[in-house]
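**Student:** Based on what follows, work out the 3D shape:
(one chain, ligands or ions: 7)
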Amino acid sequence: KASMALSRFEYVKQFETDDRCLPNCWIVVRIDGKGFHRFSDQHNFLKPNDDRSLHLMNCAAKQVMTEFKDIVLAYGQSDEYSFVFKINTSTYNRRSSKLMTNICSLFASTFVFNWQKYFHDVKLKYPPAFDGRVVLYPSNQNLLDYLSWRQADCHINNMYNTVFWALVQQGKLTPQAAQERLKGTLAADKNEILFQDYAINYNDLPEFYRKGTTLIREKKEEQITHKIPQQDGTFKEKAELKIKSELVELHTDIIGSSFWNNHPEILT
Ligand code: ATP
Ligand code: ATP
Ligand code: MG
Ligand code: MG
Ligand code: MG
Ligand code: MG
Ligand code: MG
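**Tutor:** Ligands and ions are numbered 1, 2, ... in the order given. Coordinates of the predicted model:
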């Protein structure tokens with residue numbers, strides 16, 4: 001009988017280990033494009049920042065947040081995105097690999113699914129992949145420091161890339177020469193090169209590039225009117241106030257306290 005065969009083999013199930021995330025911790029899932037240095041090259045990304053890819057990344061992240069309602073915030077820059085689950089989420093019973101793989105594959109498939117919408121006639125040459133990891137943060141401060149770390153990374157890379165590509169595209173340096181020129185330079189030196197040689201004021205560049213993208217949910221009140229049928233065949237209108245949650249895309253500082261003071265609900 002099939003059921004007997006099933007029970008004879010079923011013990012193998014016990015080889016699966018429990019990978020539930022510790023309670024009372026923020027669960028962060030971070031995905032990152034595999035080999036996007038090459039991928040961006042092969043698909044002629046504009047340097048230092050290709051808007052099409054950044055918008056496509058944001059589109060995929062919104063799809064993930066639409067699917068997983070317990071994600072309270074997402075932060076993205078370059079080829080990476082971090083998703084923060086509310087501290088007491090019970091999504092997939094907090095099973096680490098379920099959370100990581102479902103987010104990672106939904107992100108990747110949405111990226112491919114919407115490729116044409118953002119890249120138009122640029123043909124997708126090969127299927128991109130994303131890696132994923134789960135990190136637990138036991139305190140609010142740890143979580144804030146994690147997000148600050150990612151935004152600081154965005155800032156440092158973006159400043160480097162902005163000067164590097166100015167030297168290559170406008171200064172006609174070879175990539176090697178540009179790399180050599182930037183060796184050992186500090187932020188102030190890079191600002192100075194940009195300003196003196198290329199009349200670029202780094203702080204005037206779009207926040208979209210300098211700050212990355214933060215996605216949060218904002219509660220919006222919405223007026224809905226119901227038409228209620230009356231005995232005499234007419235309708236009476238009844239207004240109802242509904243609280244709707246909407247995804248909001250921000251390009252702002254999340255390192256300082258002002259963002260968190262303005263959105264206290266995220267950490268509760
Ligand atoms: P790994 O597989 O280890 O992540 P990687 O090549 O993806 O390798 P990353 O450190 O993730 O390395 O860096 C991503 C690279 O992708 C950047 O250095 C940049 O060259 C490129 N890239 C990603 N997004 C963009 C974009 N929007 N515009 C231009 N280039 C981009
Ligand atoms: P979960 O997200 O928990 O995996 P699920 O709906 O994917 O939920 P599974 O136990 O994985 O549940 O079962 C997959 C289901 O998908 C099958 O029960 C069947 O209905 C359907 N399915 C998958 N592959 C095929 C196929 N080749 N032909 C017909 N139906 C299929
Ligand atoms: Mg990497
Ligand atoms: Mg990468
Ligand atoms: Mg990366
Ligand atoms: Mg299954
Ligand atoms: Mg299934």
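**Student:** Name the residues of the stretch 51-200 of the chain found near ligand 5, please.
**Tutor:** Within the stretch 51-200 of the chain, the positions adjacent to ligand 5 are Ser78, Asp79, Glu80 by C-beta under 5 Å from the ion. The way it works is simple: take the backbone N, C-alpha and C, and place the C-beta from them, glycine included.
**Student:** Strands - which of those land there?
**Tutor:** In strands, defined here by DSSP state E, the members of those are Glu80.
**Student:** Just the closest of the residues of the stretch 51-200 of the chain next to ligand 5 to Asp32, please.
**Tutor:** Nearest to Asp32 out of those is Glu80 (C-beta to C-beta; 4.2 Å).
**Student:** Quick one: residues contacting the closest residue to that closest one other than its chain neighbours.
**Tutor:** Of all residues beyond its chain neighbours, the one nearest Glu80 is Asp32 (4.2 Å), with distances taken as C-beta to C-beta, 6 or more residues apart in numbering. Contact partners of Asp32, counting by C-beta atoms under 8 Å, 6 or more residues apart in numbering, are Asp79, Glu80, Phe130, Asp131.
**Student:** Same list, those, but as TSV with distance to ligand 4 and neighbour count please.
**Tutor:** As requested, the contacts of Asp32 are exported to TSV (distance: C-beta to the ion, whole Å; neighbours: other C-beta atoms under 10 Å):
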residue	distance to ligand 4	neighbour count
Asp79	4	20
Glu80	7	19
Phe130	8	20
Asp131	8	12
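**Student:** which one of the residues you listed is nearest Asp232?
**Tutor:** The shortest approach to Asp232 among the contacts of Asp32 belongs to Phe130, at 60.8 Å (C-beta to C-beta).
**Student:** The closest residue to the closest one other than its chain neighbours: helix or strand, and which one exactly?
**Tutor:** Nearest residue to Phe130, sequence neighbours excluded (C-beta to C-beta, 6+ apart): Ile31, at 4.5 Å. Per DSSP states H and E, Ile31 falls inside strand 26-33.
**Student:** After that strand, which helix or strand is next?
**Tutor:** helix 36-42.
**Student:** Tell me which other helices or strands that next one touches.
**Tutor:** Where contact means 3 or more C-beta pairs under 8 Å, 6 or more residues apart in numbering; DSSP states H and E, helix 36-42 is not packed against any helix or strand.
**Student:** all strands in the stretch 101-250 of the chain, in order from the N-terminus.
**Tutor:** Shown for the stretch 101-250 of the chain, the strands assigned by DSSP state E, counting those that start in this stretch span residues 130-137, 213-229, 235-250.
**Student:** Comparing these, which comes out most buried?
**Tutor:** strand 130-137 (a mean of 17; mean count of other C-beta atoms under 10 Å).
**Student:** Between strand 26-33 and that one, find me the angle.
**Tutor:** 160 degrees (axes from the mean of the first three to the mean of the last three C-alpha atoms, to 10 degrees).
**Student:** What strands line up against strand 130-137, and which way round?
**Tutor:** Applying DSSP bridges to the sheet, strand 130-137 is found paired with strand 26-33 (antiparallel).
**Student:** Return the set of buried residues in the strand it pairs with.
**Tutor:** Neighbour-count burial for strand 26-33, counted by 16 or more other C-beta atoms under 10 Å, picks out Trp26, Ile27, Val28, Val29, Arg30, Ile31, Gly33.
**Student:** cool, stretch 188-208 as well?
**Tutor:** Across stretch 188-208, burial judged by 16+ other C-beta under 10 Å covers Lys190, Asn191, Ile193, Leu194, Ile200, Tyr202, Leu205.
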